[in-house]
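Chemist: let me see the structure of the following:
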Amino acid sequence: MKLCILFNPRSPISLLALVLTCVACGPTPPAEDSTSSERVTQGNVIFIHPDGTSAAHWGAARFLHYGADGRLNWDRMDHLAVYLGHMKNQLTGTSNAGAVTHATGVKVQADSFGLDEAGQPIIAASGKQETVMQAAIAQGYGTALINSGIISEPGTAAFVAKVKNRRENAEITRQVVESGVDIILGGGEVWYLPKGTAGRYAKASQSRREDGVNLIELAKQKGYTVVYTREELLTLPKDTTKILGVFAAEDTYNDAAEAELRKQILPLYEASAPSVAEMLEATLRHLPQKGKPFFVVLEEEGTDNFGNANNARGTIEAAKRADDAIGLALKFIEQTPNTLLLTAADSDAGGMEVTGASINDMAVNQNLPPTNQNGAPLDGRDGTNTPPFLSAPDANGQRFPFAVVWSGANDNAGAIVAKAHGLNANLLHGTIDNTELYRLMYGTLFGSLPAR
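Modeler: The predicted structure is shown next:
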């Protein structure tokens, strides 16, 4: 059928009508976010969550370790999307509610740790009262939780635990141990042990369980091999498939401001603890080969906690550690291409930004002022009133001084970028809601995308 339009070239209204009519009459392209034509292939999933990490955090790590012309492993991931992380009842995200959304694919209130306003378990986008990891466990998939913080940190624990309050660390830790996850690696020994019980790191006075249950002994009864150090983890027999790693009394890092760490003579990270990259390396070596997909959730929590403490050196170190884990996953995908690598944060910790100036304007060895021109806190390489950071050389061998500016000490709705690589990575594009991470993980693990 032909459609004729009387077109007056002097009339913008006629021109608009012509354009709209042509668009309406032509073939309708699929919507950018339509699932009608999306195809998903079943395979493995590695979800890396560097908590609190915005594009600026990645930029600071890039400058310091690789230079202005260098590239992070994060940069090598081939698909990306702008990430929108608002909660059901507020614009800015919380670690617990953000993790619940990633684990279930539905919006929740900011204080949720797997329960709704009535205290009932969240019904996931799959239509069931189970997270994507609980669904994987039920299907007999290989599973792992990795965290540089205490194991009850929500970024990982919310994939298997449900409580009324995120501060219920003893109960969260119990649910993690009893969840059926094959490999559990992180800190938080104080939450595994009854009060008055000394551990490898926790003093008897530090242990916090009030129910009298020794979760480390319980884990052994369930068949877990327990390890406490990097060396013990990396030298396990290859056929070890159920592993509990407990690498610190609390976190494997010390998340205070630079001046406080100097005062207490504390390192950024505990020397005996494995990095998240080393934990992932061990996980991929030992994760049970069941002839089914596997699912790994890894969180570098230091990016968030150091950012909230406005510790620039610690934040950049944590980002580099997360990037090392991404690099290891990329190498794994080269050998095992039926694997999706997905990474995103749920907030912007501290509102970090990088400020630089010419070498003449920012003396390399001169202490920076404590604040920027507008009063924002300013960090050099060792905190307040210290010299600026110095970038790695660029393509011309030039190194540049820079400083870190903080907008606050909380979690912000910043410039969060989600990235994907490998299997089904092409489904991540444009601008996405935080619920979309669940859909991509679930679809890859089970071979079909849940409805929005």
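Chemist: my guess is D111 meets S95, correct?
Modeler: No. Look at D111 against S95 with C-beta atoms under 8 Å: they stay out of range, at 11.2 Å. Yep, even glycine has a C-beta here, placed from its N, CA and C like the rest.
Chemist: hang on, D394 in a strand?
Modeler: No. Secondary structure of D394 (DSSP: H, G, I helix; E, B strand; the rest coil): coil, not part of a strand.
Chemist: what helix or strand is the spatially most central residue of the chain on?
Modeler: In the chain, the centroid-proximal residue (C-alpha atoms, centre = their mean) is H49; its distance is 1.1 Å. Using DSSP states H and E, the element containing H49 is strand 44-50.
Chemist: list of residues touching that strand?
Modeler: Residues outside strand 44-50 that contact it (C-beta atoms under 8 Å, 6 or more residues apart in numbering): 57, 99, 102, 155-156, 280, 293-300, 303, 318-319, 322, 325-326, 329, 332, 336, 338-346, 423, 437, 441, 444-445.
Chemist: in strands only, show me these.
Modeler: Among those, the ones falling in strands (DSSP state E) are F294, F295, V296, V297, L298, E299, E300, T339, L340, L341, L342, T343.
Chemist: save those residues as TSV, and put in distance to G149 too.
Modeler: Listed next are the ones in strands among the contacts of strand 44-50 as TSV, based on distance: C-beta to C-beta, whole Å:
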residue	distance to G149
F294	23
F295	20
V296	17
V297	13
L298	12
E299	7
E300	9
T339	25
L340	24
L341	21
L342	20
T343	17
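Chemist: for ChimeraX, write the selection for the buried entries among the residues you listed.
Modeler: A single ChimeraX command selects the buried members of these (16 or more other C-beta atoms under 10 Å):
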select :294,295,296,297,298,299,300,339,340,341,342,343
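Chemist: which single one of the ones in strands among the contacts of strand 44-50 is nearest to L72?
Modeler: T343 (11.2 Å; C-beta to C-beta).
Chemist: partners of the strand holding H49 in the sheet?
Modeler: If you go by DSSP bridges, strand 44-50 pairs up with strand 294-300 (parallel), strand 339-343 (parallel).
Chemist: among the ones you listed, which comes closest to Q120?
Modeler: strand 294-300 (23.5 Å).
Chemist: distance from the chain centre to that closest one, please.
Modeler: Put simply, strand 294-300 sits 9 Å off its chain's centre (C-alpha atoms, centre = their mean, to the nearest Å).
Chemist: wait, L427 sits on A420?
Modeler: Yes. With contact defined as C-beta under 8 Å, L427 counts as touching A420 (7.5 Å).
Chemist: where in the chain is pLDDT low?
Modeler: 1-37, 357-362 (pLDDT under 70).
Chemist: what are the ranges of the helices in it?
Modeler: 12-25, 55-66, 95-104, 132-138, 154-157, 169-177, 215-221, 230-234, 258-264, 276-286, 302-308, 312-335, 435-446 (DSSP state H).
Chemist: strand 294-300 and the longest one, what's the angle between them?
Modeler: Regarding helix 312-335 and strand 294-300, their directions subtend 160 degrees when assessed with axes from the mean of the first three to the mean of the last three C-alpha atoms, to 10 degrees.
Chemist: what's the answer for the second one, then?
Modeler: Computed by the same axes, to 10 degrees, the angle separating helix 55-66 from strand 294-300 equals 80 degrees.
Chemist: so what does helix 55-66 touch, helix or strand wise?
Modeler: Counting contacts by 3 or more C-beta pairs under 8 Å, 6 or more residues apart in numbering; DSSP states H and E, helix 55-66 packs against helix 312-335, strand 348-349, strand 353-356, strand 389-390, strand 401-405.
Chemist: what residues does the fourth one touch?
Modeler: Right, the one you point to is strand 389-390. 60, 63-64, 312, 316, 364, 380-381, 399-404.
Chemist: and with 6 Å instead?
Modeler: Identification of contacts with strand 389-390 by C-beta atoms under 6 Å, 6 or more residues apart in numbering yields L64, R381, R399, P401, F402.
Chemist: and for stretch 160-169?
Modeler: Outside stretch 160-169, the residues touching it (C-beta under 6 Å, 6+ apart) are 96, 113-115, 121, 133, 152, 154, 171-172, 175-176, 179, 191.
Chemist: most widely separated two among the residues you listed?
Modeler: Counting by C-beta to C-beta, the most remote pair of the contacts of stretch 160-169 is P121 and W191, 22.1 Å apart.
Chemist: neighbour count: those two, which is higher?
Modeler: Ranked by neighbour count (other C-beta atoms under 10 Å), P121 and W191 place W191 first, with 25 against 14.
Chemist: now do the phi/psi pair for K242.
Modeler: phi -120, psi 110 (degrees, to the nearest 10).
Chemist: so it touches V227, yeah?
Modeler: No. Between K242 and V227 there is no contact under C-beta atoms under 6 Å: 11.5 Å.
Chemist: who has more neighbours, the two?
Modeler: For K242 versus V227, neighbours defined as other C-beta under 10 Å are more numerous around V227 (22 against 18).
Chemist: rewinding a little: to I216, which of the strands paired with strand 44-50 lies closest?
Modeler: strand 294-300 (21.2 Å).
Chemist: hey, C-alpha coordinates of the closest one in PDB?
Modeler: Presented in PDB, the C-alpha positions along strand 294-300 are these (Å, rounded to 0.1, in the frame of the first residue of the first chain):
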ATOM      1  CA  PHE A 294      30.000 -23.200  38.100                       C
ATOM      2  CA  PHE A 295      29.300 -19.900  39.800                       C
ATOM      3  CA  VAL A 296      31.800 -17.700  41.600                       C
ATOM      4  CA  VAL A 297      30.900 -14.500  43.500                       C
ATOM      5  CA  LEU A 298      34.000 -12.500  44.500                       C
ATOM      6  CA  GLU A 299      34.000  -9.200  46.400                       C
ATOM      7  CA  GLU A 300      37.000  -6.900  47.000                       C
END
